[in-house]
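S.K.: pasted the sequence and its predicted model underneath.
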Amino acid sequence: MALAVGCRARPGKARDNKTGSWRVFKPIFDHEKCSKCGMCQTLCPEGCIHEDTEGTFIPDYDYCKGCGICAEECPKEAITMKQEEK
Amino acid sequence: MLEITEGSHAVAEAVRLCRPQVVSAYPITPQTHIVEALADFVANGKLDAEYINVENEFSALSACVGASAAGSRTYSATTSQGLALMFEVCFNAAGMRLPIVMSIANRALGAPLSIWNDMQDSISLRDAGWLQFYAEDNQEATDLHYIAYRVSEDQKVLLPSFVCFDGFILSHTYEPVDMLTQEDVDKYLPPFNPPERLDASDPVSFGMYATPEYYLEFRYEHDKALKDAREVIAKAGKEFAALFGRDYSAMVEGYKLDDAETVIVAMGSICGTVKDAIDEMRTEGKKVGLLRIRVFRPFPSEDVAKFIKGATQAKRIAVLDKNISLGAKGATALEVKDALYGSTVPVWNYILGLGGRDVRKKDIKEIVALADKGQGDQFFGLRKEVL
């Protein structure tokens, strides 16, 4: 992304900033344990957990900052936080 | 046409001729007369601008940021505590690359409270990324506003400018000033045409956040634009000289430097006194010269080095500072020492005139005598009996 004078930006530009790079712990989803309740998607402060056509919940690692709320709240303990090597 | 006028009124008239579309300011001594005069111009239909009344200086400059981003030529004025209150907005205006022009009627900063002149206010904002011009007299104070708009709005620069002139000493003093006409200024200063502006039908945001992958590069570009302004100042100054005869193309001015053994370096109105003192000292056979700094940001390091090198007889340099970076030295002395790094000519710093303390010709002569004796890096004129 080339610099814009004065850091000017069109709407939606925030998508270009892959804030997932800020993450220390990465949520790993165990789809076997998942009951598809959708709690993780509801509580994700980044809004980066999406439901696919099968009803499975998938995190978008480009924007997930690794806060761990999904892992903390998952009633089936299907999400675990793993330290990421970069 | 030559008019005898108060500094503040001359500046207000120059600003009017620059056709700002939005003016927002909060009155503060000794800047008040400028914004009072501009408010009159707007109320009486002599200036077709929006005058935005605000509750303080933070809001005044914030209003200018919005107006400038929307594509308006924008003006404000302040001093001292008012400028201190604008601290955050100053950095934002510069980072968003908005060419606001703001007059600073230089005044001391509290505490202790002082309404009188020194340069601590604008010097304290030297890292904000604005251009900083310093006027010696009211003619220059007015002319630098035309230059500041031209340079600030240049596409290579796109940065805001302070036009600084000493509070009371210039702002409240009547001097003859050659005022340009509207026709003159229109010839010199084209309408503001920014590359991008706020527009509801084509939304854009200014000064968005930059992640660690980008921030360093934004600062590099900002610094580069400020340094590139040196060439733009030279060009704008030459064009002004060609049209109106007064030359501001150089960022520094040399006065009797060729054979000077003692070189005084200073900024602002004090330079008038220094020049008179030099003339008197020269009749007594003392070879003294002056290097006046007109533009402090970007700092003219190469010009300072070149002029001092040109003063082949220079044995010592006395830098006068109406400011101090407490715990270090005066800001000008620090810059001059940096510009002359490696030179064997000693540079002495004198902190003087703070909070309105008068500086007279005899003081300049005393400083030259001190520098001759190798005594410097000190406050000058301290009243020892109250310490």
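M.R.: Perfect, thanks for sending it. Numbering: from 1, shown residues only, chains lettered A, B, ... in the order given.
S.K.: residue of chain A closest to chain B, please.
M.R.: Chain B sits closest to residue A:6 of chain A, with a gap of 3.6 Å, by Cβ to the nearest Cβ. No exception for glycine: its C-beta is placed from N, CA and C like everyone else's.
S.K.: got the CA coordinates for stretch B:326-339 in PDB?
M.R.: Extracted in PDB, the C-alpha atoms of stretch B:326-339 (Å, rounded to 0.1, in the frame of the first residue of the first chain):
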ATOM      1  CA  LEU B 326      15.700  24.200  30.100                       C
ATOM      2  CA  GLY B 327      18.400  21.800  31.200                       C
ATOM      3  CA  ALA B 328      20.300  22.300  27.900                       C
ATOM      4  CA  LYS B 329      20.800  25.600  25.900                       C
ATOM      5  CA  GLY B 330      18.900  28.000  23.800                       C
ATOM      6  CA  ALA B 331      17.300  26.400  20.700                       C
ATOM      7  CA  THR B 332      19.100  28.600  18.200                       C
ATOM      8  CA  ALA B 333      22.500  27.900  19.800                       C
ATOM      9  CA  LEU B 334      21.900  24.100  19.700                       C
ATOM     10  CA  GLU B 335      21.000  24.300  16.000                       C
ATOM     11  CA  VAL B 336      23.900  26.600  15.100                       C
ATOM     12  CA  LYS B 337      26.300  24.300  16.900                       C
ATOM     13  CA  ASP B 338      24.900  21.400  15.000                       C
ATOM     14  CA  ALA B 339      25.200  23.300  11.700                       C
END
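S.K.: in that stretch, what's buried?
M.R.: Neighbour counts over stretch B:326-339 (16 or more other Cβ atoms under 10 Å in any protein chain shown) mark B:329-336, B:339 as buried.
S.K.: where's residue B:125 relative to chain A, distance?
M.R.: 19 Å (Cβ to the nearest Cβ, to the nearest Å).
S.K.: quickly note the distance from the residue nearest the centre of chain A to residue A:29.
M.R.: Closest residue to the average C-alpha location of chain A: residue A:64 at 3.1 Å, with Cα atoms, centre = their mean. Residue A:64 is 11 Å from residue A:29, where distance means Cβ to Cβ, to the nearest Å.
S.K.: phi and psi next, for the one residue in the stretch 151-300 of chain B that gets nearest to chain A.
M.R.: With distances taken as Cβ to the nearest Cβ, the stretch 151-300 of chain B approaches chain A most closely at residue B:208, which sits 4.4 Å away. Reported as degrees, to the nearest 10, the phi and psi values for residue B:208 are phi -70, psi 180.
S.K.: measure it to residue A:13 for me?
M.R.: From residue B:208 over to residue A:13 the distance is 7 Å, taken as Cβ to Cβ.
S.K.: now do residue B:361
M.R.: Distance, residue B:361 to residue A:13, by Cβ to Cβ: 59 Å.
S.K.: just residue B:304 next, same as before
M.R.: Where residue A:13 is concerned, residue B:304 sits at a distance of 42 Å (Cβ to Cβ).
S.K.: which one's more surrounded, those two?
M.R.: More crowded of residue B:304 and residue A:13, by other Cβ atoms under 10 Å in any protein chain shown: residue B:304, with 22 against 15.
S.K.: three-state assignment of that one?
M.R.: Assigned by DSSP: H, G, I helix; E, B strand; the rest coil, the conformation of residue B:304 is helix.
S.K.: ok, the one 4 residues further on next?
M.R.: Of the three states, residue B:308 takes helix under three-state DSSP.
S.K.: neighbouring strands of the one helix or strand residue B:317 maps to in the sheet, and parallel or not?
M.R.: Using DSSP states H and E, residue B:317 sits within strand B:316-321. Here strand B:316-321 has these sheet partners by DSSP bridges: strand B:262-266 (parallel), strand B:347-351 (parallel).
S.K.: average model confidence for that strand?
M.R.: Taken as a whole, strand B:316-321 carries a mean pLDDT of 98.
S.K.: kindly report the same for stretch B:357-377.
M.R.: If you average the pLDDT over stretch B:357-377, you get 98.
S.K.: gap between the two ends of that stretch?
M.R.: Taking Cα to Cα, to the nearest Å, the first and last residues of stretch B:357-377 lie 18 Å apart.
S.K.: cool, and stretch B:307-324?
M.R.: End-to-end distance of stretch B:307-324: 24 Å, with Cα to Cα as the criterion.
S.K.: may I see the buried residues of it?
M.R.: For stretch B:307-324, burial by neighbour count (16+ other Cβ under 10 Å) applies to B:307-308, B:311, B:314, B:316-324.
S.K.: again with stretch B:44-55
M.R.: Within stretch B:44-55, the residues that qualify as buried by neighbour count (16+ other Cβ under 10 Å) are B:47, B:49, B:51-52, B:54.
S.K.: also near chain A: which of these, exactly?
M.R.: Under the cut-off given by Cβ under 8 Å from any Cβ of the partner chain, chain A has nothing from the buried residues of stretch B:44-55 close to it.
S.K.: now render those as TSV, adding distance to residue B:74, pLDDT and secondary structure.
M.R.: Shown next, in TSV, are those (distance: Cβ to Cβ, whole Å; pLDDT from 0 to 100; DSSP: H, G, I helix; E, B strand; the rest coil):
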residue	distance to residue B:74	pLDDT	secondary structure
B:47	13	98	coil
B:49	9	98	coil
B:51	12	98	strand
B:52	10	98	strand
B:54	13	97	coil
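S.K.: shouldn't residue A:17 be in contact with residue B:215?
M.R.: No: contact between residue A:17 and residue B:215 fails when scored by Cβ atoms under 8 Å: they sit 11.6 Å apart.
S.K.: which residue is the nearest non-sequential neighbour of residue 33?
M.R.: Here I'm looking at chain A. residue A:78 (3.7 Å; Cβ to Cβ, 6 or more residues apart in numbering or on different chains).
S.K.: should've been chain B
M.R.: For residue B:33, the closest residue by Cβ to Cβ, 6+ apart turns out to be residue B:8, at 3.5 Å.
S.K.: that neighbour contacts residue B:175, correct?
M.R.: No: Residue B:8 is beyond contact range of residue B:175, at 11.5 Å (criterion: Cβ under 8 Å).
S.K.: more crowded one of these two?
M.R.: Applying other Cβ under 10 Å to residue B:8 and residue B:175 shows that residue B:8 carries more neighbours, namely 28 against 15.
S.K.: need the contact list for that one.
M.R.: Residues in contact with residue B:8 (Cβ atoms under 8 Å, 6 or more residues apart in numbering or on different chains) are B:30-34, B:37, B:105, B:171-172.
S.K.: if we go to 6 Å?
M.R.: Residue B:8 makes contact with B:33-34, B:171 under the criterion Cβ atoms under 6 Å, 6 or more residues apart in numbering or on different chains.
S.K.: with secondary structure, distance to residue B:191 and neighbour count as added columns, please give those in CSV.
M.R.: Rendered in CSV, the data for the contacts of residue B:8 read as follows (DSSP: H, G, I helix; E, B strand; the rest coil; distance: Cβ to Cβ, whole Å; neighbours: other Cβ atoms under 10 Å in any protein chain shown):
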residue, secondary structure, distance to residue B:191, neighbour count
B:33, helix, 28, 20
B:34, helix, 23, 30
B:171, coil, 29, 31
